[in-house]
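Participant: whatever this is, show me its structure:
(2 chains)
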Amino acid sequence: MLENRLIPHGEKLADYAARLELTRDDFSRNWLNEVQFTAAEVIKEKGFPHSKLESWEFSQVRKVLSDTYNGSNPQVSREQISEAMNKPLARTGLPSLVFVNGSLDPEFSDLQGLPEGLKLIPLAKLAQYTDVYDWVRSSWVAGGQEKFFKGLNLMLTRDPAVLYAEPGLKIKQEIQILFLSAGSTGDRLIVNPGTFLFAGEDSEVSIVETHISLDENKYLTNAHTMISGRKNSVVKHVKVIAENSQAFHLGCIRADLESGTSFKTHTIVRSGKIVRNEVDTALNGENAGAELYGLYLAEDTQHVENSTCIEHNKPEGISREHYKGILNDKSRAVFRGRIVVAEDAQKTDSKQNNNNLLLSRDARINSKPQLEIYADDVSCTHGATVGQLEDEKIFYLQSRGISLQEANALLIRAFGNEIISRIDSEPLRLVLEEEILSAVAGK
Amino acid sequence: MLKIKNLHVKADGKHILKGVNLEVKFGEVHSIMGPNGSGKSTLAQVLAGRPGYEIVEGEVWYKGEDLLELAPEERAREGIFLAFQYPVEIPGVANTYFLRAALNAQRKHRGEREIEAGEFLKLVKEKAAMLKMDTSLLSRPVNEGFSGGEKKRNEIFHMAVLEPVLGILDETDSGLDIDAMKVVAEGVTSLRSPDRSFIVVTHYQRLLDYIVPDYVHVLSEGRIVKSGDKSLALELEKTGYAWANKG
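Facilitator: Next comes the predicted model:
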């Protein structure tokens, strides 16, 4: 049966790719199959990660590729789900859609609580919404930095969250998508969540996708998020990655913005053994604005990579990018920020910044800005810093009676808060401030 | 209240304080004047407990306790306050948030209850008004984007809120125009009380027209070479410090 052949069964990804002997005929049932066929081609021929892959550190790719994977679904109890939903990061109080190992759980999801004007479209009904359907079909297999894993996601996603914000509607209520995953102690499970957000012309919408573990076992979250910002829409997106200490998280976010759109996205990395998140934003119309923010926390021997690409394809676009990292113990982080300004994109105004706080001698950060500017009337600045907590600031706080420990905590919180404070959703901001900054500042 | 006995301090291997002796009683205002490089700031900072200084010899007794044994925050909680010569900017930490944390740390140490939000707000507004300080500066991050004068005034504002026992002003007047200096000086003067003492470190005499000291000491090459009352400051203005470097 096709379905069975498509899922890895206790094999390394290289072996899985090699055995995907599939023909066009296998994928003839529906449009989704077509997408999957394209994905299969990508997996087999175009994208297998190799040592010369610039876009991420090969040592980490090797770790991911050397495991054996299984695509089956684990047994998860109702109690486990309840417990996970009670974790601080999940308890925002926002109306939530709950996915367990990539499948929507109707019982725990607040389907009635979705705000007016925001629709959750099951894949089977997608064809009824022409704009969204066309977009998903054409964009799903579009480029992206990491082809192999994206191809894998296309192949294996069964139940993506397809959200449609009706044109003209300003939806103020934020919604939360909780991706809860359980792993296994044997082969590493692979979970392929999908989030597709289509913001119609003149609409306003705000979502947060939060990835949390149901247990302490091994799994790989191979997540794909796609966002379409139609003319003059306002889109706010936050992604929170809080996987367990054995889990891998590979995420890819792609946003295409038409003219006049305003897009703001945050990537908050709280935990996970190996985390790599890409954010690709294309400003495809005039006067579009994109803000990319990130805060990544790494400790022990965690490895966190953030790789972004902002394409200014039309004139008068504005982009602001600010990623900050707090690293401890022997952790390692990589920040790669690519900005491409097309020849046509005059009067582009772009600023990029990456600041890192190292709390230990052994933590390491690799920061690489990459500017490719083909237009001649632009303003593009970038900067990166690496440092420790400043003695002068610590002494100043102590001189007012604040203990050394509290002074450190205050300064670390202040550092991270610069990113979190830019999240507009108050409930989400409070939850993040509390959980993330307390965790780091407690050391 | 404060007894400094034969204090010798080194920094980066350099011998800066070479036997300082000073006694300050409750309620007194002492001014430390002297040429640049004499060690005035060093003295102020060593009293506050700034790391990076080596105490080679000597003792400092504060309210009967060995001050040099205490960490900077412990000294602050015991009532020592240093108004920095170069106040530090702390982006991301609101002025009031930080002050409230400081005040509560000190109250907790004294066995008092923490101050409530409403009470605290009232207190800071009162002190800000007294110092003619723009209240918008209260919620801004500490010293971020503040002008030199605003930073110095912020130091006195902190002092007013924390109500220390010993206030040490490290060249508070440097970089201030006459009007800003007057406001700052008025603030300090309004805090004078029989239970509170001040050490005012300054290069120029003019501040002392407004914060009138009980005693003036001249620090030169790491030692106090002359002491007197406020008239000594006026003398120094006429003669300068050259004489002090001799011998």
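Participant: neighbours of residue A:361, how many?
Facilitator: If you count neighbours by other Cβ atoms under 10 Å in any protein chain shown, residue A:361 ends up with 9. Where you see a C-beta, it was placed from the backbone N, CA and C, and this is true even at glycine.
Participant: from the stretch 101-250 of chain A, which residue is nearest to chain B?
Facilitator: Nearest residue of the stretch 101-250 of chain A to chain B: residue A:238, at 19.6 Å (Cβ to the nearest Cβ).
Participant: what residues are up against that residue?
Facilitator: Applying Cβ atoms under 8 Å, 6 or more residues apart in numbering or on different chains to residue A:238 gives the contacts A:207, A:208, A:209, A:265, A:266, A:268, A:423, A:425, A:428.
Participant: might you report the residue contacts of the second one?
Facilitator: Neighbouring residues of residue A:208 by Cβ under 8 Å, 6+ apart: A:92, A:94, A:174, A:175, A:176, A:177, A:237, A:238, A:239, A:240, A:425, A:428.
Participant: on that earlier part again, need the phi and psi values for the residue of the stretch 101-250 of chain A closest to chain B.
Facilitator: Main-chain dihedrals, residue A:238, degrees, to the nearest 10: phi -130, psi 140.
Participant: ok, what's across the strand from it?
Facilitator: Beta bridges link residue A:238 to residue A:208, residue A:266 when assigned by DSSP bridges.
Participant: number of residues surrounding the nearest residue to residue A:431 once chain neighbours are set aside?
Facilitator: Excluding the flanking residues, the one nearest residue A:431 by Cβ to Cβ, 6 or more residues apart in numbering or on different chains is residue A:92, at 5.1 Å. By other Cβ under 10 Å, the residues close to residue A:92 number 23.
Participant: wait, residue A:92 touches residue A:426, no?
Facilitator: No. Counting by Cβ atoms under 8 Å, residue A:92 does not reach residue A:426; the two are 9.6 Å apart.
Participant: mind checking the SS state of the residue of the stretch 301-443 of chain A found nearest chain B?
Facilitator: Closest to chain B within the stretch 301-443 of chain A is residue A:414: 2.9 Å, counting by Cβ to the nearest Cβ. The three-state label given to residue A:414 by DSSP: H, G, I helix; E, B strand; the rest coil is helix.
Participant: from the contacts of residue A:208, which land in helices?
Facilitator: Cross-referencing the contacts of residue A:208 against helices under DSSP state H gives residue A:428.
Participant: out of the contacts of residue A:208, the closest to residue A:147 would be?
Facilitator: Taking Cβ to Cβ as the measure, residue A:147 lies nearest residue A:239 of the contacts of residue A:208, at 20.4 Å.
Participant: my guess is that closest one contacts residue A:275. True?
Facilitator: No. With contacts counted by Cβ under 8 Å, residue A:239 stays clear of residue A:275, the gap being 11.0 Å.
Participant: what do the two both touch?
Facilitator: Joint contacts of residue A:239 and residue A:275 (Cβ under 8 Å, 6+ apart) are residue A:251.
Participant: in chain B, which spans are strands?
Facilitator: Taking DSSP state E, the strands of chain B run over residues B:2-11, B:14-24, B:29-33, B:54-62, B:65-66, B:80-83, B:90-94, B:141-142, B:166-170, B:197-201, B:215-220, B:223-228.
Participant: would you mark the buried spots in the last one?
Facilitator: Spelled out, that is strand B:223-228. Using 16 or more other Cβ atoms under 10 Å in any protein chain shown as the burial criterion, the residues of strand B:223-228 that qualify are B:223, B:224, B:225, B:226.
Participant: gap between the residue nearest to the spatial centre of chain A and chain B?
Facilitator: Taking Cα atoms, centre = their mean, the centroid of chain A lies closest to residue A:251, which sits 4.8 Å from it. Residue A:251 sits 27 Å away from chain B, going by Cβ to the nearest Cβ, to the nearest Å.
Participant: for the helix or strand that residue falls within, what is the average pLDDT?
Facilitator: Assigned by DSSP states H and E, residue A:251 belongs to strand A:248-257. For strand A:248-257, mean pLDDT rounds to 95.
Participant: rewinding a little: for the residue nearest to the centre of chain A, give the beta-bridge partners.
Facilitator: The partner list for residue A:251 in beta bridges (DSSP bridges) reads residue A:223, residue A:277.
Participant: returning to that earlier point: which residues touch the residue nearest to residue A:431?
Facilitator: By Cβ under 8 Å, 6+ apart, the contact list for residue A:92 reads A:176, A:208, A:425, A:427, A:428, A:431.
Participant: which parts of chain B sit against chain A?
Facilitator: B:48-51, B:71-73, B:75-77, B:81-82, B:84, B:87-88, B:90-93, B:98-99, B:101-103, B:105-106, B:109, B:141, B:158, B:162 (Cβ under 8 Å from any Cβ of the partner chain).
Participant: switch to 7 Å and redo it
Facilitator: B:48, B:50-51, B:72-73, B:76-77, B:82, B:84, B:88, B:90-93, B:101-102, B:105-106, B:158, B:162 (Cβ under 7 Å from any Cβ of the partner chain).
Participant: now the buried members of these.
Facilitator: Here, 16+ other Cβ under 10 Å leaves B:48, B:50, B:72-73, B:76-77, B:82, B:84, B:88, B:90-93, B:101-102, B:105-106, B:158, B:162 buried among those.
Participant: which residues of chain A score low on pLDDT?
Facilitator: Along chain A, segments meeting pLDDT under 70 span A:1-2, A:24, A:27-29, A:46-58, A:141-146, A:441-443.
Participant: give me that answer again for 50
Facilitator: Within chain A, no range satisfies pLDDT under 50.
Participant: domain ranges for it?
Facilitator: What automatic domain parsing lists as the domains of chain A is A:67-389, A:390-443.
Participant: the ones you listed: which one's closest to residue B:185?
Facilitator: domain A:390-443 (21.5 Å).
Participant: can you tell me the closest non-neighbouring residue to the residue of chain B at minimum distance from chain A?
Facilitator: Nearest residue of chain B to chain A, counting by Cβ to the nearest Cβ: residue B:92, 2.9 Å away. Nearest non-adjacent residue to residue B:92, counting by Cβ to Cβ, 6+ apart: residue A:414, 2.9 Å away.
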